[in-house]
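Undergrad: Below are the sequence and a predicted model for it; my questions follow.
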Amino acid sequence: MFDTDGCVYLKGENTIISLVQSNKKILEQVQLLLRKFGIISCIAENKPNIRYDRKDKNPWYILSIKGRVNIRLFKKYIPIIQNGKVNKLNEICTYFNDNPMVKKRCWNEDKIIIRTISKIENIGIQTIYNLSAEQSHTYLANNIITHNTAGDSESDFSSMQEIMYNPKGYNVQELENVYDIEGQGRKEFTYFFPSYMNMAECYDKDGNSDVIKALFEILKDRYVVKYNSTDIRMITKRMAELPITPKEAVLQTSNNLFPVSELQERLLEIDNNPSFYNDTYIGELALNPDGTVKFNPTLDTPIRDFKVNDNNIVEGALEIYEMPVTDINGKVIPERYIIGHDPVDNDEDKQGSLSSTFVLDLWTDRIVAEYTGRKRMADDNFEVLRRLCIFYNAKCLYEQNIKGCFAYFSQKNCLYLLADTPEYLVDKQLIKTLGYGNTSKGVRATLPINNYANKLIQQWMLKPVIKVTKDPTTGQDVEVQVPNLFNIKNRALLKECILYTPLQGNYDRIRALGLVMLYREMFIVMYQGILDKGRSYVPEDYIGNDPFFDENYNNPYDNEVESY
């Protein structure tokens, strides 16, 4: 179009590239395409002088490109082939280089292009529309580059959060992090504009933000939302809409029933404690000649991040936070520990799916061990699970969709280590009937089952527990009530729950934890909510059960009465 209907004109400050059309819509499309190359243009309407003998009485339109930067970008990206216009463009660029007055006038044009607003008018109240753009999440609105805001189900702020908290690694200007709570963020950060700097009706007479008043208004609003709504996501969404700190601005707000804000706080608590994992055992489980299992420490690298792209650490490592507790005979008490497992059955995988296993202590209601990773052979993953079952004297509830787990345990004569399908799922009408054979073990992961498991995870996370912490003023240990999620040591699990979006991506840890919660619920039903009922367990071979003690110590006064 520029080769045929365009014009390249050089005359000092009036240097211009233009395109003439009778159809304004065509020029608007050209203008939009040019904008994507960074070329700014304008469209003007020319009305003809009407004479009595003129047949064409319609106006025509001129698209104009001016300025050193715009013309250079045009020369760089728009492939003009008409020789006269190519020569004229070269002449214009030479003129810009050789003319010192042009350089002086355009000294900052490489960074800033200034345009004067010609008119502002009130168009009244009208309907507006929002949209969600895939991949780039950006679109042009009246030549303004617009980005989607928080609160839509497609938003994934993990990459943005990575850049914000690690600016140097991404060639971004770093600043001192004065935004996050002290001890809950990195020392360096990018620029952040918190909501309290631009809060409605929170300005002084000079137009400056009244920060104290704005913070009070925001916190008051959060208090009202939190205690006057039953949906846990409402407070998370309000925090994302009016963020005080950067971590609140990137909260995943939609379709995530997990307590995101508390999970973020726990994640920052872990990240800001360099010695957090000092008491964690990392290694592998080895078989003893007598069939028992022992722990051997190794230098393997566990996976502590979500969405790992490095194939070198996809194998992961076993992490043990609490070793199994034994009785006086050195045996692990049965039914104290339970296991949930999300399996893989292929030796190779291109989908990024991992084998994930969690061990839960029913007495403390804490996760005590995890293995998430992927061995080269699928059976190696099942062997890790089998040894965990033996090590913790626990049964495993696994995802029944994949049959490889049942086959492997059957081959090893260890089907007794696999948990039967919980009967209460039939009562809740989540499954129709209990299966038999290879369908009698584990749970088939359907959408209703997964939704119910997620709800159980949420309840377990929010369960109030007593935790001992140090008083910052006195330094003494004090007991405080916190949600159970503050006992979670699994960093990658926290990130996975924060970024969870239903029906999108692989969430292997959530699926494995969901199976633990389904199994845990069976014990809640069985023991009427008293999970540590097994504390009264006494082994059959306990020496205190010897008849000698029954005859001589249970009723110590019987013999005295008879003799007396």
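TA: Yep, that arrived.
Undergrad: From residue 28, how far off is residue 225?
TA: In this view, residue 225 and residue 28 are 43 Å apart by C-beta to C-beta, to the nearest Å. No exception for glycine: its C-beta is placed from N, CA and C like everyone else's.
Undergrad: Please read the previous query as pertaining to residue 72.
TA: 23 Å.
Undergrad: These two: which has the busier surroundings?
TA: residue 72 (17 against 14; other C-beta atoms under 10 Å).
Undergrad: dump the residue contacts of that one.
TA: With contact taken as C-beta atoms under 8 Å, 6 or more residues apart in numbering, residue 72 is in contact with 93, 96.
Undergrad: And for residue 192?
TA: Counted by C-beta under 8 Å, 6+ apart, residue 192 has contacts 164, 179, 246, 249.
Undergrad: make it 10 Å
TA: 164, 175, 177-180, 243, 245-246, 249 (C-beta atoms under 10 Å, 6 or more residues apart in numbering).
Undergrad: any idea which of those residues is the one closest to residue 383?
TA: For these, the closest approach to residue 383 (C-beta to C-beta) belongs to residue 164, at 41.2 Å.
Undergrad: still on that earlier bit, buried ones from the contacts of residue 192, can you make that a ChimeraX selection?
TA: In ChimeraX, a selection of the buried entries from the contacts of residue 192 looks like this (16 or more other C-beta atoms under 10 Å):
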select :164,177,179,180,243,245,246,249
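Undergrad: Let's see which of the contacts of residue 192 end up in strands.
TA: residue 175 (DSSP state E).
Undergrad: Mind naming the longest helix for this protein?
TA: For the chain, the helix with the greatest residue count under DSSP state H is helix 508-526.
Undergrad: Identify each buried residue in that one, please.
TA: Those would be 508-523, for helix 508-526 by 16+ other C-beta under 10 Å.
Undergrad: pLDDT value on the residue nearest the centre of the chain, please?
TA: Central residue of the chain (C-alpha atoms, centre = their mean): residue 499, 2.1 Å from the mean position. pLDDT for residue 499: 81.
Undergrad: what's it sitting at in phi/psi?
TA: phi -100, psi 10 (degrees, to the nearest 10).
Undergrad: correct me, but it touches residue 160?
TA: No - counting by C-beta atoms under 10 Å, residue 160 is not a contact partner of residue 499; they are 11.7 Å apart.
Undergrad: tell me, what's touching the two both at once?
TA: residue 250.
Undergrad: quick one on the thing from earlier: among the contacts of residue 192, show me the least confident.
TA: Within these, pLDDT is lowest for residue 180, at 73.
Undergrad: For that residue, list the residues it contacts.
TA: Contacts of residue 180 by C-beta under 10 Å, 6+ apart are 165, 186-187, 189, 192, 244-248, 268, 272.
Undergrad: quick check, nearest of those residues to residue 61?
TA: For the contacts of residue 180, the nearest to residue 61 is residue 192 (43.2 Å; C-beta to C-beta).
Undergrad: Read off the pLDDT value for the closest one.
TA: 84.
Undergrad: State the three-state secondary structure for it.
TA: Of the three states, residue 192 takes coil under DSSP: H, G, I helix; E, B strand; the rest coil.
Undergrad: what sits against the nearest residue to residue 202 once chain neighbours are set aside?
TA: Residue nearest to residue 202 in three dimensions, not counting chain neighbours: residue 214, with 4.0 Å by C-beta to C-beta, 6 or more residues apart in numbering. Residue 214 makes contact with 194-203, 242, 244, according to C-beta under 10 Å, 6+ apart.
Undergrad: got the contact list for the spatially closest residue to residue 209 that is not a sequence neighbour?
TA: Leaving aside its chain neighbours, residue 209 sits nearest to residue 197 (5.0 Å; criterion: C-beta to C-beta, 6+ apart). Each residue near residue 197 by C-beta under 10 Å, 6+ apart is listed here: 208-209, 211, 214.
Undergrad: circling back to that earlier point, can you flag the buried ones in the contacts of residue 214?
TA: 194-196, 199, 202, 242, 244.
Undergrad: Just send the residues you listed back as a markdown table, with distance to residue 97 too.
TA: What follows is those, written out as a markdown table (distance: C-beta to C-beta, whole Å):
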| residue | distance to residue 97 |
| --- | --- |
| 194 | 45 |
| 195 | 47 |
| 196 | 48 |
| 199 | 49 |
| 202 | 51 |
| 242 | 50 |
| 244 | 50 |
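Undergrad: Quick check: pLDDT value at the nearest residue to residue 316 once chain neighbours are set aside.
TA: Excluding its sequence neighbours, the residue lying closest to residue 316 (C-beta to C-beta, 6+ apart) is residue 373, at 2.3 Å. pLDDT recorded at residue 373 is 90.
Undergrad: pretty sure residue 373 is touching residue 314, no?
TA: Yes - the pair residue 373 / residue 314 is scored as a contact, 6.4 Å apart, by C-beta under 10 Å.
Undergrad: The two: which has the busier surroundings?
TA: Using other C-beta under 10 Å as the criterion, residue 373 and residue 314 rank with residue 373 on top: 23 against 17.
Undergrad: how far away is that one from residue 488?
TA: Taking C-beta to C-beta, one finds residue 373 at 19 Å from residue 488.
Undergrad: repeat for residue 80
TA: 62 Å.
Undergrad: Buried residues, stretch 15-29. List them.
TA: Neighbour count says stretch 15-29 has 15-19, 21, 27 buried, by 16+ other C-beta under 10 Å.
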